[in-house]
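**Q** pasting a predicted model and its sequence here:
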Amino acid sequence: MSKHIDFINPADPSTIPKFVDSLPILPVAIAKAHKDYPRKSYYEMTMLKARHRFHKQFPFSTVWGYNGLVPGPTIEAKKDQSTFVKYMNKLPTKHFLPVDTTLHSVSDSPEVRSVVHLHGAHVDWESDGHPEAWYTQNYEVTGPKFKREVHEYTNHQPATTLWYHDHTMGMTRLNVYAGLAGFYLLRDSLEERLNLPSGQYEIPLMVQDKSFNEDGSLFYPDAPPFPVTVHPSVTPGFDGNTIIVNGKVWPYLRVEPRKYRFRILNSSNGRAYIIRLANNQPMIQIGTDGGFLTAPNEITSAELHPSERIDIIIDFSNLAGEHITLINDDLDTDEHTSMIMQFRVDLPLKREDTSEIPVKLAEDMGMHESHAHTVRNLPLSASTDQYGRPMLLLNNRMYHDPATEKPSLDSIEIWNIINTTPFPHPIHVHLVQFKILERRPFDVQRYRNEGILMFTGEPEEPRDYERGWKDTVKVDPGTVTKIIMHWKEHTGNYIWHCHILEHEDHDMMRPIRVIPDAHPVQPPHIDEHKQH
């Protein structure tokens, strides 16, 4: 696969040899002793400017990383045992990527700010990493929603793959691209009983795309591909021309002929992946964003949009001596971005593989549509900002407009997310894990012109790989995507947004205010909310 090339230009993927770097196994964060917190529960993460080599034949690149690492150290936590994390900003005062000062709260705030969101966590809002809870170096300047220096993650949710990343208002696309992201693995007693592949046979994979300048520095565009009066300017989206896994460009992993568990995260700014093994061997899915499925699910491919996770087992038992590429089948790829990494089944089997693929995983804790207190119709629409740039909106409002989504504590809500735009959006809702009920095509023009929701086809069930608990959902163009969620345990200020980071930074984000219980237990009959 890697032909000899005399000159390697990091800016030109056709000159970059693939599968020459070994996949980094990410380090696990080590707790620090602290008199105010229980033993082994307190962590410190320092955001630092650092140098990172993305490919053994590249020069070093400037990055920003948690503890100077890209990706950051993996935090391991246990269900119902609190984890306390202090994320300290020791970043420079100037950004090394192009800052658009016209975006919400950027023009009148310090250039470099940070706040960390634990994506998928069920947590009090003051520890949720609200985009307006940002702070500068040593907390000298803090945003209007800043409340605490130490985040408390209570971990009252099932075992799953979470991730922590920067969530600063108007700056998320730049800070995450710079390297501010890491895994947070939550474990529970069910996982311990399941006898899944573990230890060195359980490997988190953080998949991103990046582009580079010729000198090996990270490239990020300072203008959209059409003329605008603002410079630097946010772009409507950005796809890098190389694929990075765990901080390396097109790496390889040597494996034994046995079962491995991979927790795969799409942490790209905007790129989608349809993952598949090049030999078309099935993968066994055991989990989604929010934890284990009720039973293993055999799949040959799965689509992952930004921030979506999938937990899979790959069995290499009968593949000794083979090299298998992990492919990206998404339409928006080329000969380079269609490849993710390579597995080399060339290690001897150390010992008999006694791990299992259980017949049953988690108990089914579904929600019933008839229990919903509230049904919301929430359009995704395209608009234009004051500089003539395209701007995408949730519920036809900008971020700073008053909150319209005010769920009541301990209520169940159904959201019909109505995509009137011509492309998909991965919609992420903070605080909750939800279930996807259906997607249904509708007459976009009629809805735009008259506000009438007219369905044009039958409901489509969730795809086979997205039937578990989710916190991010692909909302297809021209469809109504219906999700159901239970707002429990916490009140306060949360948000929902598109997880294409360029969209999120340019106002495709809205506040959620979870209010104290204001509902009767018996909801009004659901028929009242039926559409045409």
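**A** Arrived safely, thanks for sending. Numbering: from 1, shown residues only.

**Q** Arg271: how many residues sit nearby?
**A** Number of residues near Arg271 (other Cβ atoms under 10 Å) recorded here: 23. (C-beta placed from N, C-alpha, C; glycine too.)

**Q** for the remainder of this discussion, apply numbering that starts at 352.
**A** I'll keep to 352 as the first residue from here, and by that count the last item is Arg622.

**Q** my guess is it contacts Leu655. True?
**A** No. When contacts are counted by Cβ atoms under 8 Å, Arg622 is not listed as touching Leu655 (9.6 Å).

**Q** which residues does Trp766 contact?
**A** Neighbouring residues of Trp766 by Cβ atoms under 8 Å, 6 or more residues apart in numbering: 726-727, 729, 780, 785, 833-836.

**Q** any chance of those residues in a markdown table, with neighbour count too?
**A** A markdown table is the format used below for the contacts of Trp766 (neighbours: other Cβ atoms under 10 Å):
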| residue | neighbour count |
| --- | --- |
| Val726 | 19 |
| Arg727 | 15 |
| Leu729 | 20 |
| Val780 | 24 |
| Phe785 | 21 |
| Lys833 | 21 |
| Ile834 | 21 |
| Ile835 | 20 |
| Met836 | 22 |
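
**Q** if I look at Glu543, how far off is Ser618?
**A** 27 Å (Cβ to Cβ, to the nearest Å).

**Q** the two - which one has more neighbours?
**A** Remark: of Glu543 and Ser618, Ser618 carries more neighbours, 25 against 12, as counted by other Cβ under 10 Å.

**Q** I figured the more buried one hits Ala532, correct?
**A** Yes. Contact criterion Cβ under 8 Å: Ser618 and Ala532 qualify, at 5.0 Å.

**Q** what sits in contact with each of those two?
**A** Counting by Cβ under 8 Å, 6+ apart, the residues touching both Ser618 and Ala532 are 422, 514, 516, 557, 559.

**Q** let's see if you can find the most crowded of those.
**A** Using other Cβ under 10 Å as the neighbour test, those are led by Pro422, with 27 neighbours.

**Q** tell me the pLDDT at that residue?
**A** With respect to pLDDT, Pro422 scores 98.

**Q** what about the helices in the protein?
**A** 523-529, 540-544, 795-801, 852-856 (DSSP state H).

**Q** what about stretch 518-527, average pLDDT?
**A** For stretch 518-527, the per-residue pLDDT averages 98.

**Q** Thr434 bridge partners, please.
**A** Applying DSSP bridges to Thr434 gives these bridge partners: Tyr504.

**Q** run a quick neighbour tally on it.
**A** 25.

**Q** that older thread, show me the common contact partners of Arg622 and Leu655, please.
**A** With Cβ under 8 Å, 6+ apart, Arg622 and Leu655 have no common neighbours.

**Q** quick one, grab the pLDDT at Gly717.
**A** 82.

**Q** residue contacts, it?
**A** Neighbour list for Gly717: Lys786 [criterion: Cβ under 8 Å, 6+ apart].

**Q** sorry, back to before: same list (the helices of the chain) but as JSON lines, adding distance to Asp683.
**A** Listed next are the helices of the chain as JSON lines, based on distance: least, Cβ to Cβ, whole Å:
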{"stretch": "helix 523-529", "distance to Asp683": "18"}
{"stretch": "helix 540-544", "distance to Asp683": "35"}
{"stretch": "helix 795-801", "distance to Asp683": "22"}
{"stretch": "helix 852-856", "distance to Asp683": "15"}
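
**Q** who wins for proximity to Pro758 among those?
**A** Nearest to Pro758, of all the helices of the chain, is helix 852-856, at 20.5 Å by Cβ to Cβ.

**Q** which one of the shared contacts of Ser618 and Ala532 is nearest to His470?
**A** The shortest approach to His470 among the shared contacts of Ser618 and Ala532 belongs to Trp514, at 5.1 Å (Cβ to Cβ).

**Q** what's opposite Phe806 in the beta bridge?
**A** In beta-bridge terms (that is, DSSP bridges), Phe806 pairs with Phe793.

**Q** from Ser732, how far out is the residue nearest to His781 when sequence neighbours are not counted?
**A** Nearest residue to His781, sequence neighbours excluded (Cβ to Cβ, 6 or more residues apart in numbering): Tyr845, at 4.1 Å. Noted for Tyr845: a distance of 22 Å to Ser732, by Cβ to Cβ.

**Q** give me the more crowded residue out of these two.
**A** Just comparing Tyr845 and Ser732: by other Cβ under 10 Å the higher neighbour count belongs to Tyr845, 22 against 18.

**Q** okay if I get the shared contacts of Ser618 and Ala532 as JSON lines plus distance to Asp363?
**A** JSON lines is the format used below for the shared contacts of Ser618 and Ala532 (distance: Cβ to Cβ, whole Å):
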{"residue": "Pro422", "distance to Asp363": "25"}
{"residue": "Trp514", "distance to Asp363": "30"}
{"residue": "His516", "distance to Asp363": "29"}
{"residue": "Met557", "distance to Asp363": "24"}
{"residue": "Gln559", "distance to Asp363": "19"}
